[in-house]
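1. no sequence for this one, just the structure:
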């Protein structure tokens, strides 16, 4: 029995117990019925079976919704009375077919990977075709039309031109594998809307009236079109196609489930993806390597690193040879969960099975060793990847540069920047910041300031760096005067600095520790308060048992300055209003209570130290 959740309109409240309450209601158009798709396929979850919902195609139409005709989705020349005539007669008569009422969206994402060669091995064999196609460039009437010829013909048509009248006769002489190849290549070349137009038209044909097209809709073509659904907007289409396969008694195979699983991952529906995989196993199908790779992506996104490692054991038991991508997904899942030793173990397992590493492999294991403070091993792997012909990427260098900054290895950081320049890799502000931090931590301020000057002189890196980043780097180089100049330059440009930029300038000035810089910090702070960048408040209500101070905090220096400013204001109010406003305690509120305050603990420590001193 079809559950009520999958048949109700959008205006009805979904009842409890819906298998996918956050997914399904958006897929069911209000008051729309398709009699020919009255049943759906089962999806099993938590011991229960649910029918895959019957999805009406208008739900993912980009144009204005229009009425769907029962058993038909074409108007004009494709009205029901015209469908009794052979399609070759329509083509020879030169009649143009009106666009379909159901026009899928123009999909633009790249098509998924190539299907199994066992399934689609003979797709590109020449297929004979007939029909009056001589009015289009590149087609010759009476000669054989291969899939490549049809593809070239469709590519030459103006965008938006209905394609059915042009290729209908030729489609009759293709088998399902050749049609699947045509649909896939159309999607890969940016004509996905044409692929769906052809496939949707075939789905509307009556098999008794058009026996020549019987057999084109099978597991190969349906699987191909499911694979073309590559984001969350296409998930309703994939669910509809799966449901229609059940209705037409077309069994789903491993490739179909793999494609369906991939659609769920791309749509971000990870729970649904796990249910699809369970249903696949329940039907007795054996997952292949593509299926397991997609399942690993689900585990990685959900932080299930232990399950991801377990898939490697399953592959070994089933004698499936993992590919580099398989190991890379597992290693990245371990790193994302901070299980760096497990990532190194997976890398060792990969080497023992003699699976060739890729750039992604080296990036993952280098990151793991850097996080475990094994810098020499990370450097060895960096050298090894170049010897193996794997070109280091920006990610590789950033990982090593940040590790060098953390450990104050200035020489290594400068060397890495030079290698990036040699390899023509773009030096971003992030790269410069790590190298400058490494030099500053090693006490090499001259080198740090030179790198900062190089960054500012670079048209790309200098323009891309925000003002607060520049001031942070100047602070690392102990150049508080440069930070103050950067702040003044920003004011002179007419830009009002935000709280983050202003706090960075104050931290740099106050942290310098001399009288001049501290006075400038107080001056910047007062100006920011007058402009409303920072808000200080002293709350002394009659019913309150304490004086409440609200301080904007971006670090320890800001906490000290803000508290000093509030105590000075409280002193003025006591002189004006008398001692009656005083209370037995003071409550200091740091930040706004919503955003995360960096270095909050040092700020609280210094505030706690300052209050008794000022008393």
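-> Nice, I can see it. None of these values were measured; they are calculated from a predicted model.

2. So, low pLDDT: which residues of the stretch 201-350 of the chain?
-> Counting by pLDDT under 70, the stretch 201-350 of the chain shows no low-confidence range.

3. any chance you could map the helices in it?
-> Assigned by DSSP state H, counting those that start in this stretch, the stretch 201-350 of the chain shows helices spanning 219-227, 235-247, 254-266, 270-282, 289-301, 305-317, 324-336, 340-352.

4. In CSV: those helices, plus mean neighbour count and distance to residue 486.
-> Bear in mind the C-beta positions are built from the backbone N, C-alpha and C, glycine included. Putting those into CSV (neighbours: other C-beta atoms under 10 Å; distance: least, C-beta to C-beta, whole Å) gives the following:
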stretch, mean neighbour count, distance to residue 486
helix 219-227, 25, 52
helix 235-247, 23, 48
helix 254-266, 24, 43
helix 270-282, 19, 45
helix 289-301, 21, 40
helix 305-317, 16, 43
helix 324-336, 23, 36
helix 340-352, 18, 37
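
5. In a markdown table, list the ones you listed along with distance to residue 182.
-> Below are these laid out as a markdown table (distance: least, C-beta to C-beta, whole Å):
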| stretch | distance to residue 182 |
| --- | --- |
| helix 219-227 | 9 |
| helix 235-247 | 17 |
| helix 254-266 | 17 |
| helix 270-282 | 27 |
| helix 289-301 | 22 |
| helix 305-317 | 34 |
| helix 324-336 | 28 |
| helix 340-352 | 38 |
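
6. counting contacts, what elements does the longest helix that the chain contains pack onto?
-> Secondary structure of the chain read by DSSP state H shows that its longest helix is helix 556-577. In terms of contacts (3 or more C-beta pairs under 8 Å, 6 or more residues apart in numbering; DSSP states H and E), helix 556-577 is packed against helix 499-511, helix 515-530, strand 537-539, strand 546-551, helix 600-614.

7. mind running it again at 10 Å?
-> If you count contacts as 3 or more C-beta pairs under 10 Å, 6 or more residues apart in numbering; DSSP states H and E, helix 556-577 packs onto helix 499-511, helix 515-530, strand 537-539, strand 546-551, strand 585-590, helix 600-614.

8. Next, the angle from the longest one to helix 556-577.
-> Regarding helix 515-530 and helix 556-577, their directions subtend 70 degrees when assessed with axes from the mean of the first three to the mean of the last three C-alpha atoms, to 10 degrees.

9. Which of the residues in helix 515-530 are classified as buried?
-> Judged by neighbour count using 16 or more other C-beta atoms under 10 Å, the buried positions of helix 515-530 are 517, 518, 520, 521, 524, 525, 528, 529.

10. now, which of those residues sits nearest residue 232?
-> residue 528 (42.4 Å; C-beta to C-beta).

11. quick one: the closest one and residue 499 touch, right?
-> Yes. Between residue 528 and residue 499 there is a contact under C-beta atoms under 10 Å: 7.7 Å.

12. so who does residue 451 touch?
-> With contact taken as C-beta atoms under 10 Å, 6 or more residues apart in numbering, residue 451 is in contact with 410, 413-414, 417, 427, 431-433, 435-440, 444, 473, 477.

13. per-residue confidence averaged over the host helix or strand of it?
-> Element membership for residue 451 (DSSP states H and E) is helix 445-457. What helix 445-457 shows for mean pLDDT is 92.

14. Only the buried residues of it, if you could.
-> Neighbour-count burial for helix 445-457, counted by 16+ other C-beta under 10 Å, picks out 447, 448, 449, 451, 452, 454, 455, 456.

15. Would you convert those into JSON lines that also reports distance to residue 395?
-> Shown next, in JSON lines, are the buried residues of helix 445-457 (distance: C-beta to C-beta, whole Å):
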{"residue": "447", "distance to residue 395": "25"}
{"residue": "448", "distance to residue 395": "24"}
{"residue": "449", "distance to residue 395": "27"}
{"residue": "451", "distance to residue 395": "21"}
{"residue": "452", "distance to residue 395": "23"}
{"residue": "454", "distance to residue 395": "22"}
{"residue": "455", "distance to residue 395": "20"}
{"residue": "456", "distance to residue 395": "25"}
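
16. just to revisit the earlier point, may I see the buried residues of the longest helix of the chain?
-> Neighbour-count burial for helix 556-577 [16+ other C-beta under 10 Å]: 556, 557, 558, 559, 560, 561, 562, 563, 565, 566, 567, 570.

17. isn't the third one right up against residue 510?
-> Yes. Using C-beta under 10 Å, residue 558 is in contact with residue 510, at 8.2 Å.

18. Need the overlap of contacts for the two.
-> Contacts common to residue 558 and residue 510, judged by C-beta under 10 Å, 6+ apart, are 521, 525.

19. shaky segments in the stretch 451-600 of the chain?
-> In the stretch 451-600 of the chain, residues with pLDDT under 70: 459, 462, 536-549, 551-555, 581, 583-586, 588-600.

20. From the contact count, pick out the helices and strands touching the helix or strand harbouring residue 151.
-> Using DSSP H and E, residue 151 sits within helix 147-156. Helices and strands touching helix 147-156, by 3+ C-beta pairs under 10 Å, 6+ apart, are helix 164-171, helix 176-188, helix 192-204.

21. right, and these - which one's nearest residue 353?
-> Residue 353 sits nearest to helix 176-188 of all the helices and strands packed on helix 147-156, at 31.8 Å, using C-beta to C-beta.

22. what comes up buried for that closest one?
-> In terms of neighbour count (16+ other C-beta under 10 Å), helix 176-188 has its buried residues at 176, 177, 178, 179, 180, 181, 182, 183, 184, 185, 186, 187.

23. Kindly present these as JSON lines, with separate columns for pLDDT and distance to residue 341.
-> Rendered in JSON lines, the data for the buried residues of helix 176-188 read as follows (pLDDT from 0 to 100; distance: C-beta to C-beta, whole Å):
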{"residue": "176", "pLDDT": "92", "distance to residue 341": "49"}
{"residue": "177", "pLDDT": "94", "distance to residue 341": "47"}
{"residue": "178", "pLDDT": "92", "distance to residue 341": "51"}
{"residue": "179", "pLDDT": "93", "distance to residue 341": "50"}
{"residue": "180", "pLDDT": "94", "distance to residue 341": "45"}
{"residue": "181", "pLDDT": "94", "distance to residue 341": "46"}
{"residue": "182", "pLDDT": "94", "distance to residue 341": "49"}
{"residue": "183", "pLDDT": "95", "distance to residue 341": "46"}
{"residue": "184", "pLDDT": "95", "distance to residue 341": "42"}
{"residue": "185", "pLDDT": "94", "distance to residue 341": "45"}
{"residue": "186", "pLDDT": "92", "distance to residue 341": "47"}
{"residue": "187", "pLDDT": "93", "distance to residue 341": "42"}
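
24. That concludes my questions; thank you for your assistance.
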